[in-house]
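# got a structure for you, letters missing:
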């Protein structure tokens, strides 16, 4: 009985020692840094060296923080520009915990840091956007546009203002101003970028209407140019058609003239060979063209047209 009780006590003691040892040891990885707190208060500096470390069990607690760069993605905010254009601006940033002790004392954890960054970065973004015109926020350089013929005619290039600052420098300005505040919370701000810009819904409709009107102007320009070119092509076609028709008519008349001359020449030769026979054949041809089964013709007996019929009648 005593031996069994002793074994139970030893087992309990070993479990307590094991639990104490496990709670006393903690591991710091290469991607983490640790702040040791005792009853909620930090003790000592941050532990950043990777490896196995010891703390007071049950009394002290290891609080882990990231060493790596973290992402902050803010909500889109409605901000007026210097030229009174209301736009939605969506930004994002990269940050890390530079001073874990200050970070723990001021914001406690990453959620608190994200909340602070919301205030800092959003506030500096509002200040920067409000100090510049919309064109400065949209564009970064004064690069030359590839202008099409219709854009040149509409003189759109002259309406594009010159960029003096640009989007990238505005984002850099936000970073510079915000990074002066974040060290108070143990945070290092590495980069700030404007992810997306868009008009608010009320302005969007006006912009789309203006774009549609601009496209209609270009379409009207193309239609007027097309109508003019079409009229020019039709006029050229009519001139060429008349020219071809007149040349064809002249050629046809020439051919017909030559044919008539050749026919007259042949008729003349035939007539010269036997004028009486030629006259007889032509008269018969005239009979065929003049008479049919229902034709009545009254002729004098001494008419020239009747002489071959007269001869035929006398012979009979």
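That came in fine, so what should we check first? Here the structure is a predicted model, which means the values were calculated and not measured.

# how about the helices in the stretch 151-300 of the chain?
Assigned helices in the stretch 151-300 of the chain, in chain order: 167-179, 201-273, 275-290 (criterion: DSSP state H, counting those that start in this stretch).

# redo the ones you listed as JSON lines? Include mean pLDDT.
Listed next are these as JSON lines, based on pLDDT from 0 to 100:
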{"stretch": "helix 167-179", "mean pLDDT": "95"}
{"stretch": "helix 201-273", "mean pLDDT": "85"}
{"stretch": "helix 275-290", "mean pLDDT": "73"}
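
# so what's the spatially closest residue to residue 182 that is not a sequence neighbour up against?
In space, and not counting its chain neighbours, residue 182 is closest to residue 189: 4.7 Å by CB to CB, 6 or more residues apart in numbering. C-betas here are computed from N, CA, C, even on glycine. Shown in contact with residue 189 (CB atoms under 8 Å, 6 or more residues apart in numbering): 93-95, 117, 121, 175, 178-179, 182.

# what of residue 23?
Counting by CB under 8 Å, 6+ apart, residue 23 touches 57-58.

# would you mind giving the domain segments of this structure?
Using automatic domain parsing, the domain parsing of the chain gives 2-66, 70-199, 202-273, 274-316.

# please identify the most buried of these.
Among the domains of the chain, the stretch with the highest mean neighbour count (mean count of other CB atoms under 10 Å) is domain 70-199, at a mean of 16.

# that one: how far from the chain's middle?
Centre-to-centre, domain 70-199 and its host chain are 24 Å apart (CA atoms, centre = their mean, to the nearest Å).

# first-to-last residue distance for that domain?
The first residue of domain 70-199 is 29 Å away from its last residue (CA to CA, to the nearest Å).

# what about stretch 74-84, how long is it end to end?
Using CA to CA, the end-to-end distance of stretch 74-84 comes to 23 Å.

# surely residue 56 forms part of a helix?
No. Residue 56 sits outside any helix when classified using DSSP: H, G, I helix; E, B strand; the rest coil, being coil.

# list the contacts for it?
Counting by CB under 8 Å, 6+ apart, residue 56 makes contact with 24, 38.

# distance of the residue nearest in space to the middle of the chain relative to residue 199?
When the chain is reduced to its mean C-alpha position, the closest residue under CA atoms, centre = their mean turns out to be residue 211, at 13.7 Å. Applying CB to CB, to the nearest Å, the value for residue 211 to residue 199 is 11 Å.

# residue 59 too?
Distance from residue 59 to residue 199, by CB to CB: 58 Å.

# again with residue 101
45 Å.

# now swap in residue 42 and tell me
With CB to CB as the criterion, residue 42 and residue 199 are 48 Å apart.

# any idea how far the nearest residue to residue 188 once chain neighbours are set aside is from residue 215?
Nearest residue to residue 188 in three dimensions, chain neighbours excluded: residue 98, at 3.9 Å (CB to CB, 6+ apart). In this view, residue 98 and residue 215 are 52 Å apart by CB to CB.

# what do you get for residue 172?
Relative to residue 215, residue 172 is positioned 36 Å away (CB to CB).

# likewise for residue 100?
Look at residue 100 and residue 215: by CB to CB, they are 57 Å apart.

# pretty sure residue 187 contacts residue 97?
Yes. Between residue 187 and residue 97 there is a contact at 6.5 Å, judged by CB atoms under 8 Å.

# intersection of neighbour lists for the two?
103, 113.

# now do stretch 260-274: everything it contacts.
Contacts with stretch 260-274, where a contact means CB under 8 Å, 6+ apart, come from residue 278.

# what does stretch 30-38 give?
Applying CB under 8 Å, 6+ apart, the contact partners of stretch 30-38 are 26, 28, 42-44, 46-48, 50, 53, 55-56, 59-68, 97, 100-101, 104.

# now do 7 Å
For stretch 30-38, contacts defined as CB atoms under 7 Å, 6 or more residues apart in numbering pick out 26, 28, 42-44, 46-48, 50, 55, 59-68, 100-101, 104.

# which members of those residues occur in strands, if any?
The strands, defined by DSSP state E, take in 26, 28, 42, 60-66 from these.

# pLDDT and distance to residue 162 added to the residues you listed, as TSV?
TSV is the format used below for the ones in strands among the contacts of stretch 30-38 (pLDDT from 0 to 100; distance: CB to CB, whole Å):
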residue	pLDDT	distance to residue 162
26	93	59
28	94	54
42	92	53
60	93	62
61	93	59
62	93	57
63	95	53
64	95	51
65	95	47
66	95	44
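
# any chance of CSV for these, columns distance to residue 3?
Shown next, in CSV, are the ones in strands among the contacts of stretch 30-38 (distance: CB to CB, whole Å):
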residue, distance to residue 3
26, 38
28, 44
42, 48
60, 38
61, 39
62, 40
63, 45
64, 45
65, 50
66, 52
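
# just flag the most distant two among these.
Checked with CB to CB, the ones in strands among the contacts of stretch 30-38 reach their widest spread between 60 and 66, with 20.9 Å between them.
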